[in-house]
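A.B. asks: Sequence unavailable; structure follows:
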């Protein structure tokens, strides 16, 4: 009996670290048109005095990244913990996406870590 195993590759880091203040946002784009699936890990390093989680929205593009949908296809939050780092994983099907993180608290640093991609499946 054969089984399918994913063939993995890794993409560049989306964002090495960008400091933001209250009410500011950071957007990164992911282009995974030639992959079956992309796993993106995004995170936040919170400063002191943080009490509200960071909002995350994923918006798809239907035209290869020229424009993005106004309604997010996926929304989440990254829990707030003072003076600590937190992250979440986003599993995205083939396509182009804008990932926006919105900070509600005093200060934080946003990260978009290395992407893990499923290129194909091998059978054997």
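C.D. replies: Everything's here; your move. All figures in this text were calculated on a predicted structure; none of them were measured in a lab.
A.B. asks: so where's the protein uncertain?
C.D. replies: 1 (pLDDT under 70).
A.B. asks: where do the helices sit along it?
C.D. replies: For the chain, applying DSSP state H gives no helices.
A.B. asks: Show the residue spans covered by the strands in it.
C.D. replies: With DSSP state E, the ranges of strands along the chain come out as 4-11, 15-21, 25-46, 54-61, 74-78, 85-102, 107-112, 115-123.
A.B. asks: could you dump those to CSV with distance to residue 68 and mean neighbour count?
C.D. replies: All C-beta spots, glycine's among them, are computed from the backbone N, C-alpha and C. Output for the strands of the chain, formatted as CSV (distance: least, C-beta to C-beta, whole Å; neighbours: other C-beta atoms under 10 Å):
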stretch, distance to residue 68, mean neighbour count
strand 4-11, 19, 12
strand 15-21, 17, 14
strand 25-46, 9, 18
strand 54-61, 4, 19
strand 74-78, 13, 16
strand 85-102, 5, 17
strand 107-112, 16, 22
strand 115-123, 18, 15
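A.B. asks: now residue 72: how far from residue 81?
C.D. replies: Distance, residue 72 to residue 81, by C-beta to C-beta, to the nearest Å: 24 Å.
A.B. asks: Mind checking which of these two has more residues around it?
C.D. replies: Taking other C-beta atoms under 10 Å, residue 72 and residue 81 do not tie; residue 72 has more neighbours (18 against 13).
A.B. asks: in terms of contact, does that one touch residue 90 like I think?
C.D. replies: No - look at residue 72 against residue 90 with C-beta atoms under 8 Å: they stay out of range, at 11.3 Å.
A.B. asks: Now the common contact residues for these two.
C.D. replies: residue 58 (C-beta atoms under 8 Å, 6 or more residues apart in numbering).
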